[in-house]
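Q: Task: produce atomic coordinates for the following.
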Amino acid sequence: MADEGDGVGEDPTVHVRQARAADHDGIVAFTEDTWPDRDVSDYLPRVFPEWVESDGPGQRTFVATVDGDPAGVLQGVILSEYEAWAQGMRVAPDARGLGLAHRLTGAVFDWAVEQGATVCRNLVFSWNAQGMGTSRGIGFEPVSEFRWVHPEPVADASADTDHAVTDHADAAWIFWQRSDANRALYGLTLAPGESWAVRELRREGLQRLAEETRVFAVQKEGDGTRGMAYRVRDYEPGEGDERVAEYGVAAWADVPAARALFAAIARDAAAVGADRTRVLIPETARAVSDAAYAGIELGEEPDFVLEADLTGRGG
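A: Below you'll find the predicted structure:
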C-alpha cells in the first residue's frame, strides 16, 4: 500500500508493458524536470517518440503504469550477440516505493535473455546517488568508470613529439589489449550505433571502424605502438545543435604519446566539421592527469558503468 503522500490511491494496480506512442504525454509529465537541483536537462521527453517508433528485435522500451497511467520507463538495447544495455530508467516521484524499478528491470532482463544476452550493463552519472543506489538494489554491480575529455577541433593541430599516427587497426588492437586503459575500463568502450552505451571492444569491431570511421595508432620508431583511439560517430544531438565528434576510447603509454594522439583527434574532428568532441578515457589518476598535463579540457565528473549477470535467468 502506498503512503498517503505518494499521490497514488490505495492498493494501486501496477503493470509493465511495451511502450506506446500514446504514452508520450505521461512520460513527459514526470521527466521534464528530472534533476531539479542540477543544470542538466533530461533527454527522455525528446527521444521517447523515436524510441517507440524504432523498437524491434534489437531494442525494446518498457513502460510501467500505475492505475493505467505511465509512471516509469526503461529501455533495453542489444549491443552484441551477448551484451545488452539498459538505459533511461525513470520513475515518477509520486510512484516511488511501488517497486517499479524492479519490475521494469526484470522485464528488460527477461527480454534480453530471450535475445541471447548473458550480461546487461547500464550507466549512472557519478553525481546521481539515487540512481546508483537504485541500480545496486535492482541487481547491477559496479565494473568501471570513465571520464569525457574534450580536445578542441583544430585542422592543423600538432604535437611537439617524434610520434607518427597511422590508421593501422591491428596495431591499435595490440596496444589496446596490453594497455592500462583496457584493464581499468574492464575492456569496455563506446558502442557504435548507441550513444552513451559501452560494450567490449573486439578486434573485428576495430577493423570495421577503421573502414567506416577512423582508427588511430600512435607509433614511435624503436618503441612500437604507444597509443590508440577510434572515432565512433559524428552527429548533431538535436536540430540546430553543434556537431559532435565522439571517440570510443583513447589509450596511451605516456604523455608524449597522449599529446600526439589528441592532436590527431583534433585534426580528425575538424576534418568532419565537428564543433566539439567527446573522448572516453578511464577514470584513473594517471589517465586524467596525463590528459590535463597534455592541455586537454576535462569533463567535470566521471560516469559509472554497472552490470548484471543474466546467465541464471533461464532463456
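
Q: Pop the domain breakdown of this structure in here.
A: 4-117, 146-299 (automatic domain parsing).

Q: between the ones you listed, which has the poorest average model confidence?
A: Across the domains of the chain, domain 4-117 has the smallest mean pLDDT, namely a mean of 88.

Q: Please identify which of the domains of the chain is closest to M132.
A: domain 4-117 (11.7 Å; C-beta to C-beta). All C-beta spots, glycine's among them, are computed from the backbone N, C-alpha and C.

Q: residue nearest the centroid of this protein?
A: Centroid-nearest residue in the chain: W196, 2.3 Å away (criterion: C-alpha atoms, centre = their mean).

Q: chain center to the lengthiest helix in the chain, what's the gap?
A: Longest helix in the chain, counting residues (DSSP state H): helix 255-271. Taking the mean of its C-alpha atoms, helix 255-271 sits 22 Å from the chain's own mean (C-alpha atoms, centre = their mean, to the nearest Å).

Q: which other helices and strands contact it?
A: strand 164-166, strand 214-220, strand 224-235, strand 244-252, strand 276-282, helix 285-293 (3 or more C-beta pairs under 8 Å, 6 or more residues apart in numbering; DSSP states H and E).

Q: Can you show me the CA trace of the fourth one as CSV?
A: The C-alpha trace of strand 244-252 is given here as CSV (Å, rounded to 0.1, in the frame of the first residue of the first chain):
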residue,chain,number,x,y,z
VAL,A,244,29.9,16.5,-32.1
ALA,A,245,32.7,14.1,-33.0
GLU,A,246,32.7,11.2,-30.5
TYR,A,247,35.7,8.9,-29.8
GLY,A,248,35.1,5.5,-28.3
VAL,A,249,38.2,5.4,-26.2
ALA,A,250,41.7,6.9,-26.1
ALA,A,251,44.6,5.0,-24.6
TRP,A,252,48.3,5.9,-24.4
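
Q: Confirm for me that L123 is in contact with S195.
A: No: proximity of L123 to S195 does not meet the contact threshold set by C-beta atoms under 8 Å, at 10.8 Å.

Q: Can you report phi and psi for F125?
A: Reported as degrees, to the nearest 10, the phi and psi values for F125 are phi -60, psi 140.

Q: Can you tell me who it pairs with across the strands?
A: D303 (DSSP bridges).

Q: Also D69?
A: Beta-bridge partners, per DSSP bridges, of D69: V66.

Q: Look at it and say how many residues are nearby.
A: A total of 16 residues lie near D69 under the criterion other C-beta atoms under 10 Å.

Q: hang on, it packs against D23?
A: No: counting by C-beta under 8 Å, D69 does not reach D23; the two are 9.3 Å apart.

Q: quick one, strands of the stretch 1-150 of the chain?
A: 14-18, 59-66, 69-78, 83-91, 119-125, 141-150 (DSSP state E, counting those that start in this stretch).
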